[in-house]
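1. Sequence first, then the predicted structure, then my questions.
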Amino acid sequence: MRVVEIFLVEAPHQPGNMAKVLAVVGGFGITVEGLNAIRRLEKDTIWELTIEYDDTLDIWNVAEKINKLPDTKIIGQSDRVFNRHQGGKIKTISRIEITSLDILRDIYTPGVARVCQAIQQDITKIKEFTNRQNTVAIITNGTAILGLGDIGPEAGLPVMEGKAAIFSQLVGISGVPILIKEKDPLRLIEVIEAISPSFGAILLEDIKAPECFQIEEELIKRVDIPVFHDDQHGTAIVVLAAIMSAARRVNVDIKNKVFGQIGLGAAGMGICSLLIEYGVKDVLGTDINESALKRLRAQGGTPVSLEELMQKSDIVVATTGVKGLIKPEMIRKGQIIMALTNPDPEIEPEVAIAQGAIFATDGKTVNNMLAFPGLFRGVLDAGVSQIHHQMKIEVAKTLSNLAKDDALVPYVLNKTAHKMVSEAVYQLAISQNNPSDPNKN
């Protein structure tokens with residue numbers, strides 16, 4: 001895992017002194033992310049040095065060596081990531097300033113009783129007179145947090161808060177982290193169903209496979225609001241967008257090519273499912289888990305060995321978490337290769353290109369936060385009860401069309417891209433709900 005740390009270094013204000021510090025840092029194979037002079041003393045300068053390193057490195061060995069330089073010492077140290085998590089990343093605020101008793105009486109008792117009665121008489125008014133239609137439950141049981149595995153729901157809260165912060169900043173949605181200490185799929189489904197009236201939609205996050213498939217499928221049947229497992233579908237949408245962009249660049253028709261998916265966990269199955277819905281006729285998949293292969297076959301894909309997949313596939317996506325799984329000799333000339341495991345891919349893009357791949361990339365640019373904010377904004381605004389494959393494909397098309405220059409997808413913090421995604425989803429959702437609409441494309 002990569003760690004970002006900040007050192008405050010006091011060094012003599014003379015030529016070459018910070019160069020010596022940087023030489024020490026470079027000698028340990030550390031990346032310098034930033035260097036700023038923050039204070040000038042009489043004879044010294046205090047520098048803020050931001051570095052990134054692998055967590056297998058004992059950073060105090062670096063500090064010790066810097067402190068041995070003439071008249072140079074580290075006077076402070078902080079972890080940037082932990083600093084930004086201090087006190088949490090989100091908070092709840094009121095949309096109305098309570099500055100008088102009149103306002104208080106209107107928004108709370110006694111005035112609020114009239115609104116409660118109005119919703120009792122017509123439950124659809126909950127969308128008009130509460131924030132429900134702008135609120136998404138971000139739910140985990142902590143069984144598949146990032147690449148860390150089953151670390152418990154409490155340890156997963158920082159991820160859920162991060163999702164909520166992204167919702168708020170990019171599309172103005174109130175995301176509410178929900179931690180559920182339950183591993184039994186049926187009981188988890190019942191708990192989520194029970195709390196669903198509080199929310200306009202449900203985002204399932206970091207729930208391990210294969211339970212995640214059952215949980216999502218059953219919740220879609222039981223609740224009348226959109227349910228979306230981001231690890232499956234968010235990743236799949238952005239991967240499809242990236243494939244569209246790559247295929248356009250090398251003049252390839254995806255639907256007429258053989259697609260191969262290495263790794264059939266949540267992300268891999270989501271990718272296969274979406275590619276099949278998009279119209280790719282031959283979808284191959286491989287995994288060490290027999291139940292995953294059966295699930296692929298049930299969805300219309302073809303289970304094969306890794307070797308057969310690499311021999312037959314024109315487009316290959318890998319989401320296994322296994323560094324170096326794809327050997328250079330497996331690459332066939334003319335293939336598109338997307339090895340998406342971070343930080344170390346199944347094969348380095350430059351190695352795949354050298355072996356004859358027509359295009360290759362890794363997971364650094366494929367981020368599912370490009371998909372879920374705008375998608376949820378669109379479905380909430382449209383008031384629909386489900387997220388369909390057509391909506392996911394529409395998001396992928398929009399993202400691919402917005403990619404500039406050599407990029408496969410837009411920049412993740414491009415608010416215009418998220419707005420255009422939400423508008424595309426909204427228009428599609430409205431047209432699906434109103435098939436006779438004369439304005440339907």
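-> Received it, and whenever you're ready, just let me know what you need.
2. per-residue pLDDT, Ala42?
-> Ala isn't right for residue 42; it's Glu. Per-residue confidence (pLDDT) for Glu42: 84.
3. Could you pull up the contacting residues of it?
-> Neighbour list for Glu42: empty [criterion: CB atoms under 8 Å, 6 or more residues apart in numbering]. Every residue, glycine included, has its C-beta placed from N, CA and C.
4. residue contacts, the spatially closest residue to Val81 that is not a sequence neighbour?
-> Distances taken as CB to CB, 6 or more residues apart in numbering put Val4 closest to Val81, at 5.9 Å, once the chain neighbours are dropped. For Val4, the contact set (CB under 8 Å, 6+ apart) comprises 33, 50-52, 79-81.
5. Filter the residues you listed down to just the buried residues.
-> Taking 16 or more other CB atoms under 10 Å as the criterion, what is buried in those is 50-51, 80.
6. Which of the residues you listed fall in strands?
-> 50-51 (DSSP state E).
7. returning to that earlier point: would it be right to say that the residue nearest to Val81 lies in a strand?
-> Yes: with DSSP: H, G, I helix; E, B strand; the rest coil as the criterion, Val4 is assigned to a strand.
8. who's it bridged to?
-> With DSSP bridges as the criterion, Val4 is bridged to Glu52.
9. Can you give me the distance of it to Glu52?
-> 5 Å (CB to CB, to the nearest Å).
10. can you list residues touching both of these two?
-> Common contacts of Val4 and Glu52, defined by CB under 8 Å, 6+ apart, comprise Glu33.
11. Now tell me what touches whatever helix or strand Ile189 lives in from outside.
-> Ile189 belongs to helix 185-195 when assigned by DSSP states H and E. Residues from elsewhere that reach helix 185-195, judged by CB under 8 Å, 6+ apart: 137, 139, 141, 178, 180, 182, 202, 207, 211, 214-215, 218-219, 222-223.
12. Of these, select the buried ones using a PyMOL command.
-> PyMOL command restricting these to the buried ones, with burial defined by 16+ other CB under 10 Å:
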select buried, resi 137+139+141+178+180+182+202+207+211+215+218+219+223
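13. Mark which of the contacts of helix 185-195 are part of strands, please.
-> Reading strands off the contacts of helix 185-195 with DSSP E, I get 137, 139, 178, 202.
14. Give the single residue among these positioned nearest to His13.
-> The shortest approach to His13 among the ones in strands among the contacts of helix 185-195 belongs to Ile178, at 53.2 Å (CB to CB).
15. Find the residue closest to the closest one in space, skipping its chain neighbours.
-> Ile139 is the one closest to Ile178 (CB to CB, 6+ apart), at 4.5 Å.
16. Please report how far that neighbour lies from Met269.
-> 19 Å.
17. ok, now Asn17?
-> In terms of CB to CB, Asn17 sits 55 Å off from Met269.
18. Please apply the same query to Asn289.
-> 11 Å.
19. Looking at the two, which one has more neighbours?
-> Neighbour comparison, Asn289 and Met269: the larger count goes to Met269, with 27 against 13 (by other CB atoms under 10 Å).
20. wait, that one sits on Leu296?
-> Yes: contact criterion CB atoms under 8 Å: Met269 and Leu296 qualify, at 6.9 Å.
21. give me every residue that touches the nearest residue to Leu204 once chain neighbours are set aside.
-> Nearest non-adjacent residue to Leu204, counting by CB to CB, 6+ apart: His229, 4.2 Å away. Residues counted as contacts of His229 (CB under 8 Å, 6+ apart) are 204-205, 207, 212, 215-216, 266, 270.
22. pretty sure Arg248 is touching Asn401, no?
-> No: using CB under 8 Å, Arg248 is not in contact with Asn401; the gap is 9.5 Å.
23. Assign Phe82 to helix, strand or coil.
-> When the rule is three-state DSSP, Phe82 gets the label helix.
24. Please apply the same query to Gly356.
-> coil.
25. ok, for it, nearest residue in space, not its chain neighbours?
-> Lys333 (3.5 Å).
26. ok so that neighbour is a strand residue?
-> No: Lys333 is assigned coil when assessed by three-state DSSP, not a strand.
27. Run through the residues that contact it.
-> 356-358.
28. Which among the residues you listed count as buried?
-> Going by neighbour count (16+ other CB under 10 Å), these have 357-358 buried.
29. I'd like the contacts of Lys333 as CSV, with pLDDT appended.
-> Shown next, in CSV, are the contacts of Lys333 (pLDDT from 0 to 100):
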residue, pLDDT
Gly356, 96
Ala357, 96
Ile358, 94
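30. Contacts only, for Val223.
-> Taking CB under 8 Å, 6+ apart as the test, what Val223 contacts is 192-193, 196, 202.
31. Pipe those into TSV and attach pLDDT per row.
-> Listed next are the contacts of Val223 as TSV, based on pLDDT from 0 to 100:
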residue	pLDDT
Ile192	98
Glu193	98
Ser196	97
Ile202	98
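32. Pick the one among those residues closest to Lys89.
-> Nearest to Lys89 among the contacts of Val223, with distances taken as CB to CB, is Ile202, at 20.4 Å.
33. Of the ones in strands among the contacts of helix 185-195, which pair is most distant in space?
-> Longest span within the ones in strands among the contacts of helix 185-195, CB to CB: Ile178 and Ile202, 8.9 Å.
34. shared neighbours of these two, anything?
-> Joint contacts of Ile178 and Ile202 (CB under 8 Å, 6+ apart) are 137, 139.
35. Wasn't Tyr246 part of a helix?
-> One thing to correct before we go on: residue 246 is Ala, not Tyr. Yes: assessed by three-state DSSP, Ala246 belongs to a helix.
36. Quick check: the gap between it and Ile139.
-> 33 Å.
37. now do Lys312
-> On the measure of CB to CB, Lys312 and Ile139 end up 38 Å apart.
38. same thing with Lys294?
-> 27 Å.
39. Any idea how many residues pack against Gly383?
-> 15.
40. Help me confirm that it comes into contact with Asn134.
-> No: Gly383 is beyond contact range of Asn134, at 11.6 Å (criterion: CB under 8 Å).
41. Which neighbours do those two have in common?
-> Counting by CB under 8 Å, 6+ apart, nothing touches both Gly383 and Asn134.
42. pLDDT below threshold where in the stretch 101-250 of the chain?
-> Applying pLDDT under 70 to the stretch 101-250 of the chain flags no residue at all.
43. can we see that at 80?
-> By pLDDT under 80, the low-scoring segments of the stretch 101-250 of the chain are 147.
44. And the helices in it, which stretches?
-> In the stretch 101-250 of the chain, the segments counted as helices under DSSP state H, counting those that start in this stretch are 101-107, 112-121, 126-129, 153-171, 185-195, 211-222, 230-249.
45. Which of the residues in the last one are classified as buried?
-> It refers to helix 230-249. 230-247.
46. Same check on stretch 375-392?
-> 375-382, 384, 387, 391-392.
47. No further queries at this time; thank you.
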